[in-house]
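[1] generate coordinates for the sequence data below:
(one chain, ligands or ions: 2)
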Amino acid sequence: MGRRVVALASEDTEFQIVAAIDHAGNPLLGQDAGAVAGFAPIGVPLASDWPEEVDVVIDFSLPEALNHCIETCVEASTPLVVATTGLSDEQKTKLQAAAKLIPIVWAPSMSLAVNLTMKLAEQVADTLGDVQGGLDVEIIERHHRFKADAPSGTALKFGELIGKKLSDETLHVHGREGHTGERTRNEIGYHAVRVGDNPGEHTIVFGMLGEKIELNVAASNRDCYAAGALAAAKWLQGRPKGLYNMFDVLGLES
Ligand SMILES: NC(=O)C1=CN([C@@H]2O[C@H](COP(=O)(O)OP(=O)(O)OC[C@H]3O[C@@H](n4cnc5c(N)ncnc54)[C@H](OP(=O)(O)O)[C@@H]3O)[C@@H](O)[C@H]2O)C=CC1
Ligand SMILES: O=C(O)C1=N[C@H](C(=O)O)C[C@H](O)C1
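    Ligands and ions are numbered 1, 2, ... in the order given. All right, here's what the predicted structure looks like:
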């Protein structure tokens, strides 16, 4: 994702890339970030040390890298966009605490289409929650073979939003195997598929007795996430401290 953020930001006159950060052991350190992204050099080497002053930081990394990023941004009062998924509960608490000091946009998907589909999913759950015969919700996500976390942060967010609309006692069930018995009414099932270079696809199945609805949202490439993160970075300029999400950035009601 870092490569795509650099590529899109370097084509946007509203951005000046002042640093591209990776960990100290990355073999590409010292190489020009534009060239690493597959474009013309931009005069910014990939580095492991943080610059003194920046207007905004965009984080697509690993949960283990995020703590240092949050601390650095808080120390320098720098607005932060967090796109990394697979965070622990402790890290979520840390983010919430940091947002009392700096403005942060935090979302498991920066994609416009995904965030809009989340709103549609909420609407379907709201409408069908009490449908005759009961409603079964299953979430199937597909991603590339390199993805480190499962299910995706987006799938979990879909489940959280839908669960809130359905019941206070929604169970989140990951996969299904063996003599599982009859499906309970209050569970949401998650299924994580890892195949090739899939840039991200989510299907939410709302199953009833006699008919079903499926919401499917799929990326054709990863630029929807990079573009969303850049939009969030712009939106954060001049915002007061606080924790925001992509519904806020996109003007979709939270
Ligand atoms: N919110 C959204 O819209 C999206 C979120 N994501 C999430 O973003 C994250 C990154 O995804 P992706 O780019 O595919 O993953 P990659 O593994 O390709 O990239 C992660 C990068 O972070 C680097 N890294 C590792 N440790 C550190 C550190 N301590 N400090 C700085 N950088 C570090 C890695 O280096 P090295 O390879 O050397 O370990 C690597 O270059 C994932 O959590 C993914 O789920 C992805 C797409 C969209
Ligand atoms: O790792 C990815 O690729 C993606 N991760 C995010 C997630 O976990 O939801 C967002 C997107 O689906 C791509």
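[2] contacting residues for the residue nearest to Gln237 when sequence neighbours are not counted?
    Take Gln237 and drop its neighbours on the chain: the residue closest to it by CB to CB, 6 or more residues apart in numbering is Asp55, 6.6 Å away. (C-beta placed from N, C-alpha, C; glycine too.) Asp55 makes contacts with Thr78, Pro79, Gln237, as judged by CB atoms under 8 Å, 6 or more residues apart in numbering.
[3] for the residue most central in space within the chain, give its distance to Lys119.
    Taking CA atoms, centre = their mean, the centroid of the chain lies closest to Pro108, which sits 1.7 Å from it. Pro108 sits at a distance of 15 Å from Lys119 (criterion: CB to CB, to the nearest Å).
[4] equivalent analysis for His172, please.
    His172 is 20 Å from Lys119, where distance means CB to CB.
[5] Gly196 now?
    Using CB to CB, Gly196 is found at 29 Å from Lys119.
[6] then Asp126?
    Distance, Asp126 to Lys119, by CB to CB: 11 Å.
[7] could you do Asp22 as well?
    Going from Asp22 to Lys119 by CB to CB gives 35 Å.
[8] so which of these two has more stuff around it?
    Taking neighbours as other CB atoms under 10 Å, Asp22 and Lys119 compare with Asp22 leading, 17 against 14.
[9] can you tell me the closest non-neighbouring residue to that one?
    Among residues not flanking Asp22 along the chain, Leu46 sits closest, at 5.6 Å (CB to CB, 6+ apart).
[10] grab the nearest non-local neighbour of Val195.
    Using CB to CB, 6+ apart, the nearest residue to Val195 is Arg142, at 6.0 Å.
[11] element containing Gly189, please.
    Of the helices and strands defined by DSSP states H and E, Gly189 is found in strand 187-194.
[12] ok, the residue nearest to the centre of the chain - contacts?
    Ala83, Thr85, Ser152, Gly153, Thr154, Leu156, Lys157.
[13] now the host helix or strand of the fifth one: average pLDDT?
    Under the criterion of DSSP H and E, Thr154 resides in helix 153-166. In this model, helix 153-166 has a mean pLDDT of 97.
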